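**Q** Fold the following and give me the result.
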Amino acid sequence: MGRTRPKTRKARLLATELTEPSREKKSEPTVEALLDKVRELIIQCDYGLAGRFVERVLQSTPDNAEAKEILGVVQLETGLLDKAKQTFLSLLPPHPGAPSPPPPAAHLYLAQLSDNDPQMALKHFAAAVDILMLQLKGKERATDSTSTNSDEDETRRTIVRALIGQVEIWMDPAYDLCFDSAAESNCEELLKTALQVDQENAEALQMLASVRMSQQRPDEAKEILEKAWSSWKDLEADDSRLPPIASRLNLTKLFLELSLFTPALMVLRGIMASDDEEVEAWYLEGWCFFLMAEQGREQGGKLDELTWEELARDSRDCLETCKTLHINQGHPDIPMREHVKELISKLEELGIKPSPEGDGQEDDEWGDYEGSDGSDSDVEMS
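**A** Got it, this is the predicted structure:
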């Protein structure tokens, strides 16, 4: 039997041509696969690469609403605010390619981008709420009355945040709306709706407490804050049911306004367990210790078995950390930075110096702030 002849170059090329098309077809990703990759990159905050992938999706499906929404997010996160605004507007009627109904997220993002036009921001928030309410009714019909699902819960939370966003606009002293005679009644009505949607929502209760404080009703505010805080204060630092850090920082500010120092410190401790480089948390902790030191001086030199000097030193340490993080991160909050400088200057005048490096007594002192028996019974606000 003769020897088998090897394939010629021509034969090899022919074989390659026959197999290559099928290989290319197999490796071409689907639109859904590309969107999955984009979502993954968004979570990783890799907005540059996410943008390139989403552009590929829009090349093949120009009217893909989800891809447009993600493109808007990428543009928003990379500072292309005008382009982001145009992208989100393309998802709303009367744009010819807009889906029906439009995605509520487009309205929510446009509300954020309308900070120079509060009336327009209110309209976008209201439109988002209308769409979400319809979605919620559909989800409620799809589940029986004894069960809930995470999708429905998330929709409720989004509705509440959109309603709170409107309250914040009405209460913001930077806008003339806060002087409108209808401002108070509008806030009350918006928060009533929010608590009808989710009666135990901590952020809605917290905002209601803020309204009560603006109405000079501090006792009611304390009662509402206790209810808001009690719903999540025992959760672990990584529990998804915790309110966002921004909401917890606002809660801390309310506690400080009411001179409720122990709960303020406990909330801040939870925030720092999640992110120990949160600039505003260090600022508020320093401010809290400063107020405690002032109260200690007024009460004869001590507060909760700690001298005012010890509290003032803790304040100085927190404020110095805040100042360092503020500089390193290029934090945009200039008024915060100026207040930190002012507080450090006052402490310097009182002879309070930062602790020597390596002096880690703060963790040991937490017990003193929380009560000697280790319980939190001393933080009841009724």
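**Q** Please make it C-alpha for all contacts and neighbour counts, starting now.
**A** OK.
**Q** Ala105: what's it in contact with?
**A** 69, 128 (CA atoms under 8 Å, 6 or more residues apart in numbering).
**Q** got the CA positions of the helix or strand that contains it in CSV?
**A** According to DSSP states H and E, Ala105 maps onto helix 104-112. What follows is helix 104-112 as a C-alpha-only set of coordinates in CSV (Å, rounded to 0.1, in the frame of the first residue of the first chain):
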residue,chain,number,x,y,z
PRO,A,104,-38.8,55.1,35.4
ALA,A,105,-35.0,55.1,35.9
ALA,A,106,-34.7,57.6,33.1
HIS,A,107,-37.0,60.1,34.9
LEU,A,108,-35.1,59.5,38.2
TYR,A,109,-31.8,60.2,36.6
LEU,A,110,-33.1,63.3,34.9
ALA,A,111,-34.5,64.5,38.2
GLN,A,112,-30.9,64.3,39.6
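**Q** now stretch 343-360: how far from the chain's centre is it?
**A** 32 Å (CA atoms, centre = their mean, to the nearest Å).
**Q** swap in stretch 250-258?
**A** Using CA atoms, centre = their mean, the offset of stretch 250-258 from its chain centre is 17 Å.
**Q** Would you mark the buried spots in it?
**A** For stretch 250-258, burial by neighbour count (16 or more other CA atoms under 10 Å) applies to 251-256.
**Q** just to revisit the earlier point, mind listing what's buried in the following helix or strand past the helix holding Ala105?
**A** Toward the C-terminal end, the helix or strand that comes next after helix 104-112 (DSSP H and E) is helix 118-142. Of all the residues in helix 118-142, those buried under the rule 16+ other CA under 10 Å are 118-119, 121-129, 131-133, 136, 139.
**Q** residues near Met272, how many?
**A** 16 (other CA atoms under 10 Å).
**Q** Tell me which residues of the helix or strand containing it come out buried.
**A** In the assignment (DSSP H and E), Met272 maps to helix 261-274. For helix 261-274, the neighbour count (16+ other CA under 10 Å) marks 261-272 as buried.
**Q** And the helix or strand following it, how far out from the chain middle?
**A** Later in the chain than helix 261-274, the nearest helix or strand by DSSP H and E is helix 279-298. Here helix 279-298 is found 24 Å from its chain centre; the criterion is CA atoms, centre = their mean.
**Q** Please state the backbone phi and psi of Asp117?
**A** Per-residue torsions, Asp117: phi -140, psi 80 (degrees, to the nearest 10).
**Q** repeat for Thr307
**A** According to degrees, to the nearest 10, Thr307 has phi -70, psi 160.
**Q** In space, what's closest to it - neighbours in sequence excluded?
**A** Gly301 (5.6 Å; CA to CA, 6 or more residues apart in numbering).
**Q** any chance of the buried residues of helix 261-274 in a markdown table, with pLDDT too?
**A** Output for the buried residues of helix 261-274, formatted as a markdown table (pLDDT from 0 to 100):
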| residue | pLDDT |
| --- | --- |
| Phe261 | 96 |
| Thr262 | 94 |
| Pro263 | 96 |
| Ala264 | 97 |
| Leu265 | 97 |
| Met266 | 96 |
| Val267 | 97 |
| Leu268 | 97 |
| Arg269 | 95 |
| Gly270 | 94 |
| Ile271 | 95 |
| Met272 | 95 |
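**Q** Lowest-scoring secondary structure element of this structure by mean pLDDT?
**A** helix 362-370 (a mean of 45; mean pLDDT, DSSP states H and E).
**Q** Just the element for Leu92, please.
**A** Going by DSSP H and E, Leu92 is not in any helix or strand.
**Q** same question, the one 5 residues further on
**A** Element membership for Gly97 (DSSP H and E) is empty, with no helix or strand holding it.
**Q** Can you tell me the SS state at the residue lying closest to it once chain neighbours are set aside?
**A** Spatial nearest neighbour of Gly97, chain neighbours left out: Asp63 (6.0 Å); criterion: CA to CA, 6+ apart. Following DSSP: H, G, I helix; E, B strand; the rest coil, Asp63 is assigned to coil.
**Q** For Leu205, state which of the buried residues of stretch 250-258 is nearest.
**A** Nearest to Leu205 among the buried residues of stretch 250-258 is Leu251, at 10.3 Å by CA to CA.
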